[in-house]
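Participant: give the three-dimensional model of this entry:
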Amino acid sequence: MKKISILFAFLLVQQFGFSQDRVITTGVPFLLVAADARSAGLGDQGVATSPDAYSQQYNPAKFAFSQEAQGFSLSYTPYLTDLVNDISLGQITYFNRFNERSAFAVSLRYFGLGEIELRQNFDDIPNVVKPSEFAVDASYSLKLSETFSMAVAGRFINSSLKIPDSQGDASAASTFAVDVAGFYQSEEIAFNDFNGRFRGGFNFQNMGPKIKYDKSAGDNNANFIPANMKVGAGFDFIFDEYNKVSLTAEFNKLLVPTPQNPDINGDGDVTQEEIIQTNEDYSNIGWVSGMFKSFGDAPDGFSEELKEFTYAAGAEYLYQDSFAFRLGYFNESIEKGARKFFALGAGFKYNVVKVDVSYLFSASKVKNPLENTLRFSLTFNFGEKYDEY
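Facilitator: Next up, the predicted model:
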């Protein structure tokens with residue numbers, strides 16, 4: 001389906017909050033969208049869930065604990081389905097745990113915005129463009145002990161969203177980023193009526209230079225990329241060899257500076273000069289210093305800093321390692337984006353093939369671009385299995 005000005009609609013949904021105070025916006029926000037159906041069914045979380053082929057996006061350190069030697073996954077997520085039918089997010093991942101302690105993984109995430117018609121006047125012959133963004137990742141994970149592993153990942157990011165100027169220049173913007181992650185998984189513990197296992201994880205993601213779309217402009221016109229911190233924990237209730245329930249919770253915070261109050265003089269009267277000065281000061285913040293500033297720069301102090309954390313909680317029931325049912329909830333402060341939603345998910349495994357699906361229900365007055373959308377993931381695992389315990 002061809003669209004007129006759908007890019008504007010997309011940006012409006014992605015960066016909702018210009019009418020609100022101090023909502024943090026970044027370039028390439030597709031990096032924060034859950035690309036696989038399992039994590040989506042748990043409320044967009046995955047930093048402390050059990051290892052799977054989708055761990056690359058959430059916590060690559062989990063690959064060192066994978067019971068599968070190798071895995072390949074495909075994921076597809078339709079986007080803005082209430083408006084159009086050709087915007088989507090896709091991801092391909094391959095991992096290989098090549099010995100008892102180490103694993104590596106590579107992935108490609110591609111976000112396509114379909115076809116967009118550009119024209120000066122209604123009757124003009126349109127100039128059809130196909131903007132897109134992608135990220136290529138590679139990670140290495142290593143077990144540092146029987147219960148703890150760490151990983152590093154590198155990421156190349158490319159964004160072709162620039163509309164051609166009068167000279168026809170529509171060159172893509174690009175940058176790079178790194179992740180540093182850790183994962184803890186305890187041995188199975190015997191309780192009175194069941195066995196259990198603790199999990200915990202963290203990931204400092206997308207730490208890298210700003211992305212600049214207009215190369216002719218100064219460095220101050222570059223946009224922060226969505227550096228973020230994920231921290232989570234979980235517990236497995238292992239009732240018998242057939243039935244298991246996992247409960248997980250996750251917190252996330254953007255490591256991006258908070259937009260400041262433009263009322264520099266504090267007189268209640270915001271002038272155009274104050275707005276310009278505030279925006280200039282914000283643009284002058286470097287990406288490294290911005291990460292540290294993000295923990296204490298909210299104009300309203302600690303209470304506002306807490307509002308910049310999102311949280312998610314989820315539960316997964318697994319029967320005989322073959323069938324899974326999932327529930328999840330995600331919450332974001334109404335002053336920082338207002339994303340709130342419930343999620344349902346299911347998974348089915350037969351031999352080496354695993355299929356996952358998920359569905360999202362918005363719980364906010366702000367429309368979610370993934371509302372009422374089915375997400376699909378397909379995984380192929382092969383090679384010998386590792387016995388962790």
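Participant: nearest residue to Gly196 other than its sequence neighbours?
Facilitator: Ile189 (5.0 Å; C-beta to C-beta, 6 or more residues apart in numbering). Just so you know, the C-beta spots here come from the backbone N, C-alpha and C atoms, and that holds for glycine as well.
Participant: which intervals of this structure have sub-threshold pLDDT?
Facilitator: Scanning the chain with the threshold set as pLDDT under 70 gives 1-21, 162-170, 215-220, 263-266, 268, 388-389.
Participant: what is the neighbour count of the residue nearest to Gly196?
Facilitator: 13 (other C-beta atoms under 10 Å).
Participant: what sits against it?
Facilitator: Applying C-beta atoms under 8 Å, 6 or more residues apart in numbering to Ile189 gives the contacts Asn195, Gly196, Arg197, Phe198.
Participant: narrow those to those in strands?
Facilitator: Within the contacts of Ile189, residues falling in strands by DSSP state E are Asn195, Gly196, Arg197, Phe198.
Participant: export those residues as JSON lines, with columns for distance to Gln67 and neighbour count.
Facilitator: Converted to JSON lines, the ones in strands among the contacts of Ile189 look like this (distance: C-beta to C-beta, whole Å; neighbours: other C-beta atoms under 10 Å):
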{"residue": "Asn195", "distance to Gln67": "16", "neighbour count": "14"}
{"residue": "Gly196", "distance to Gln67": "18", "neighbour count": "15"}
{"residue": "Arg197", "distance to Gln67": "13", "neighbour count": "19"}
{"residue": "Phe198", "distance to Gln67": "17", "neighbour count": "15"}
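Participant: related to what we said a few turns ago, what's the residue nearest to Gly196 sitting at in phi/psi?
Facilitator: Dihedral angles of Ile189 (phi, psi; degrees, to the nearest 10) stand at phi -110, psi 130.
Participant: how about Tyr311: which residues does it bridge to?
Facilitator: Taking DSSP bridges, one obtains Phe251, Asn331 as the residues bridged to Tyr311.
Participant: touching, it and Phe251? I think so.
Facilitator: Yes - counting by C-beta atoms under 8 Å, Tyr311 sits close enough to Phe251 to count as a contact (5.2 Å).
Participant: what is the nearest of the contacts of Ile189 to Ser377?
Facilitator: Using C-beta to C-beta, Arg197 is the member of these that sits closest to Ser377, with 23.8 Å.
Participant: got phi/psi on the closest residue to that closest one other than its chain neighbours?
Facilitator: Nearest residue to Arg197 in three dimensions, chain neighbours excluded: Asp236, at 4.3 Å (C-beta to C-beta, 6+ apart). Backbone torsions of Asp236, given as degrees, to the nearest 10, read phi -100, psi 130.
Participant: and for the one 5 residues further on?
Facilitator: Here is the backbone geometry of Glu241 (degrees, to the nearest 10): phi -70, psi -10.
Participant: what's near enough to touch it?
Facilitator: Shown in contact with Glu241 (C-beta under 8 Å, 6+ apart): Gln320.
Participant: try 10 Å
Facilitator: Residues counted as contacts of Glu241 (C-beta atoms under 10 Å, 6 or more residues apart in numbering) are Gln320, Asp321.
Participant: and stretch 202-219, which residues are buried?
Facilitator: The neighbour-count check on stretch 202-219 (16 or more other C-beta atoms under 10 Å) flags Phe202, Asn203, Phe204, Gln205, Asn206, Met207, Gly208, Pro209, Lys210, Ile211, Lys212, Tyr213 as buried.
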